[in-house]
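In: Sharing a sequence plus its predicted fold:
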Amino acid sequence: QMSGAMCFNVSTSGDPHSLRVTDVIRSMANVVTIDKRILSHCITDSHLFVVTDDSVFVLRLDALRDTPLTASLDISSPDLFRFKPDSEATVTVEGIAIDQVRCKNPVPSSSNVMLTSTHSRVFLVDQRGDESQKMYCIFDESSRFRRDGATMMQLQLPEEMGRITRVEGGADHIVALTETGRVWAMGTGSHGELGVGGVHSSPQEFLECDLPDDVIVEDIANGSWHSVAITDSKDVYVWGWNREGQLGEDQEKCVYSPMPLDVDDVISIDAKECTTVLTTRDDTGHARTITYGSQLIREDNDD
């Protein structure tokens, strides 16, 4: 996932305790290792957030070696959730050569605790316990870490929404996929990011995206101001701001309802900032990558 300023990239490694953090501007990379299994992670413009089995860790992206903040995942009340400096937390940071970093598409989390973020807010989905599901905003850049330590606000999820299986963040909106294959969105929708059929913002409440009723979505991806979905029949829908051609259109415009892309044999989707990446497979079994964005469409064959 890339930060809003496009300064940092965070990717997973083969070690469930480690993440690779790359400073794109300064061409530097570090491996951050925590002495607990990492379940999920995300970044804002300024911080790296990591959730483990029992804690949330916070590190400054520009000062990874500083003492981290932690908060317990023992959430009996949002008022008790507090980030505090934790000098006893075992976090190591090791510099590595930039050419050792290999960024791969993230694997959807199978954890019952998930993190996602916009450029300035961080959200936690807690599905621990039978049929239990709660969602919290645990960080807001506008208020930072308050002096009293309290940072959490619980969101009210619509009853008809169902259980979340994947959640993705953009610049100021998030999109959630549920177990029934429906897509919901929340946040700023001034450029159609919410996919609800018009200019509409909903900063604290999820709205269902305006996808056809018979569509079952298998996966979602978010750029800064656009979203992508792929269905069980491998149809791809896009919506949001076609700022640099990331929706496959030549002209800059906003698409307020999910629009199907005329691309066949798509097997996976991804989105970053102002790009959309589709992986297709032809009759011979060869994979091909199609990238929309930066005012162009690029096709690459994967040998």
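Out: Nice, I can see it. Residues are numbered from 1 along each chain as shown.

In: how about R65, what does it touch?
Out: V93 (Cβ atoms under 8 Å, 6 or more residues apart in numbering). Where C-beta positions appear, they are placed from N, C-alpha and C, glycine not excepted.

In: again, but for D172
Out: Contacts of D172 by Cβ under 8 Å, 6+ apart are T118, H119, S120, G187, T188, E193.

In: Give me the distance between it and V183.
Out: 18 Å (Cβ to Cβ, to the nearest Å).

In: that older thread, now rank the contacts of D172 by neighbours and give me the top one.
Out: Among the contacts of D172, E193 has the most neighbours (other Cβ atoms under 10 Å), with 31 neighbours.

In: Helix, strand, or coil at that one?
Out: Assigned state for E193: coil (three-state reduction, DSSP: H, G, I helix; E, B strand; the rest coil).

In: give the contact list for it.
Out: E193 neighbours (Cβ under 8 Å, 6+ apart): G170, D172, H173, A185, G187, W225, H226, S227, W239, G240, W241.

In: mind redoing it with 10 Å?
Out: 170-175, 185-187, 200-201, 222-227, 239-241, 254-256 (Cβ atoms under 10 Å, 6 or more residues apart in numbering).

In: Of those residues, just the buried ones, PyMOL syntax please.
Out: Here is the PyMOL command that selects the buried residues among the contacts of E193 (16 or more other Cβ atoms under 10 Å):
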select buried, resi 170+171+172+173+174+175+185+186+187+200+222+223+224+225+226+227+239+240+241+254+255+256
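
In: Could you list which of the contacts of E193 belong to strands?
Out: Per DSSP state E, strands hold the following members of these: 173-175, 185-187, 222, 226-227, 239-241, 254-256.

In: Name the nearest of the residues you listed relative to T67.
Out: I174 (29.2 Å; Cβ to Cβ).

In: what about the strands in the stretch 151-300 of the chain?
Out: 153-155, 164-169, 173-178, 183-187, 202-208, 217-222, 226-231, 236-241, 254-261, 266-272, 275-281, 287-293, 296-302 (DSSP state E, counting those that start in this stretch).

In: what's the closest of those strands to I43?
Out: strand 164-169 (9.4 Å).

In: quick check: angle from that closest one to strand 217-222?
Out: Put simply, strand 164-169 runs at 20 degrees to strand 217-222, going by axes from the mean of the first three to the mean of the last three Cα atoms, to 10 degrees.

In: Extract the C-alpha trace of strand 164-169 and format it as CSV.
Out: Only the C-alpha atoms of strand 164-169 are listed here, as CSV (Å, rounded to 0.1, in the frame of the first residue of the first chain):
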residue,chain,number,x,y,z
ILE,A,164,-17.1,-8.0,5.9
THR,A,165,-14.5,-10.2,4.2
ARG,A,166,-12.2,-7.5,2.8
VAL,A,167,-11.8,-3.8,3.3
GLU,A,168,-9.7,-1.4,1.2
GLY,A,169,-8.8,2.3,1.7
